[in-house]
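In: sequence-free structure coming up:
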């Protein structure tokens with residue numbers, strides 16, 4: 001059994017890492033954040049030209065015809081860069097519509113989303129990432145767990161100020177949303193795909209926080225030695241690695257299950273969401289702590305990762321609900 005990315009997937013990851021290192025430096029992220037979540041239009045145009053928003057969209061609708069794993073690879077790198085773009089919401093919404101939408105919904109939305117001409121929002125009515133200015137929203141707050149579609153014509157979208165100024169958030173009120181496809185199990189699975197996408201972004205956020213922390217504790221010296229030589233610091237970094245790898249393995253499992261084993265997706269998405277919600281917050285909080293006094297300052301870039309992880313955890317709905325889902329699924333399997 002093969003437990004690694006394919007060569008093509010590794011190449012996607014390599015290209016994304018190099019491009020974002022050049023186009024989404026911390027200086028660019030800070031500029032966008034301090035301007036009030038003003039997205040980097042040049043970066044978005046370049047991502048659209050590469051076809052990345054439609055990586056999990058069928059070729060007949062203008063996408064690249066790849067899958068959830070390739071999307072997860074890209075999202076990890078976008079999270080690693082903490083990029084100020086509407087990529088997560090747009091690509092995840094496109095993947096959800098591709099998987100569960102009706103023929104009419106796919107024809108209406110996928111070509112524009114895949115090309116980057118239109119953007120989407122994802123989340124709940126209380127917290128919708130990139131809802132402001134989006135042409136379509138994929139909302140996940142129905143009690144049934146089904147994902148639904150809403151458009152600005154039948155909703156009221158208001159900007160929501162949060163601690164994460166690297167992304168625009170909104171509240172959504174008014175109007176009825178239409179079912180995604182015929183509703184039911186397919187629409188529930190579409191919600192799981194969105195959560196798996198958010199979990200993949202968290203992996204990149206946690207990996208960057210871990211790497212920044214390791215670099216810092218190797219250079220920062222106290223009592224004449226690097227603070228990374230202290231046992232307490234080593235233990236914290238080891239825990240950060242454990243939580244990052246747990247988030248990575250479960251996120252990739254969920255991405256794989258979405259296309260290769262859809263019957264496993266409910267469990268896989270719940271695992272990924274729980275690991276990402278807890279792990280992302282814990283790893284980035286530890287990064288702040290390990291940076292010492294400087295970690296709490298506005299000038300330290302590590303706080304952007306902490307804030308992104310906090311809002312991603314909120315988008316995921318927190319770990320408790322997903323552990324409850326896992327418990328219910330396990331009970332059914334045992335019975």
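Out: Yep, that arrived. Keep in mind that this is a model prediction, so the values were computed, not measured.

In: quick one: strands adjacent to the worst-scoring helix or strand of the chain on mean pLDDT?
Out: The weakest-scoring helix or strand in the chain, judged by mean pLDDT, DSSP states H and E, is strand 221-222 (a mean of 78). Partners of strand 221-222 in the sheet, by DSSP bridges, are strand 225-226 (antiparallel).

In: give the rounded mean pLDDT of the partner strand.
Out: In this model, strand 225-226 has an average pLDDT of 82.

In: and the contacts of it?
Out: Residues from elsewhere that reach strand 225-226, judged by CB atoms under 8 Å, 6 or more residues apart in numbering: 217, 218, 219, 220. C-betas here are computed from N, CA, C, even on glycine.

In: now with 10 Å?
Out: Residues from elsewhere that reach strand 225-226, judged by CB atoms under 10 Å, 6 or more residues apart in numbering: 216, 217, 218, 219, 220, 233.

In: which of these count as buried?
Out: Among the contacts of strand 225-226, those scoring as buried are 216, 217, 233 (criterion: 16 or more other CB atoms under 10 Å).

In: so among those residues, where is pLDDT lowest?
Out: The pLDDT minimum for those sits at residue 233, where the score is 87.

In: pLDDT weak spots in the chain?
Out: For the chain, the stretches with pLDDT under 70 are 1-2, 154, 175-176, 228, 335.

In: what about the helices in it?
Out: Ranges of helices in the chain, per DSSP state H, are 7-23, 26-34, 41-49, 68-81, 87-100, 103-115, 185-219, 231-260, 265-290, 302-316, 319-334.

In: and among those, the most buried is which?
Out: Comparing the helices of the chain by mean neighbour count (mean count of other CB atoms under 10 Å), helix 87-100 ranks first with a mean of 28.

In: and that helix, how far from the chain's centre?
Out: 12 Å (CA atoms, centre = their mean, to the nearest Å).

In: could you do stretch 275-291 as well?
Out: Distance of stretch 275-291 from its chain centroid, counting by CA atoms, centre = their mean, is 15 Å.

In: again with stretch 144-152
Out: Using CA atoms, centre = their mean, the offset of stretch 144-152 from its chain centre is 18 Å.

In: do the same with stretch 244-254
Out: Average the C-alpha atoms of stretch 244-254, do the same for its chain, and the two points are 12 Å apart (CA atoms, centre = their mean).

In: just to revisit the earlier point, between the helices of the chain, which one is closest to residue 161.
Out: helix 302-316 (11.6 Å; CB to CB).

In: show me what that closest one is packed up against.
Out: Helix 302-316 is packed against helix 26-34, helix 68-81, helix 87-100, strand 120-123, strand 128-129, strand 169-173, helix 185-219, helix 265-290, with contacts defined by 3 or more CB pairs under 10 Å, 6 or more residues apart in numbering; DSSP states H and E.

In: residue 308: which of those is closest?
Out: Taking CB to CB, helix 185-219 is the member of the helices and strands packed on helix 302-316 nearest to residue 308, at 5.3 Å.

In: hmm, back to that, closest one to residue 168 among the helices of the chain?
Out: Short answer: helix 87-100, nearest of the helices of the chain by CB to CB, at 9.3 Å.
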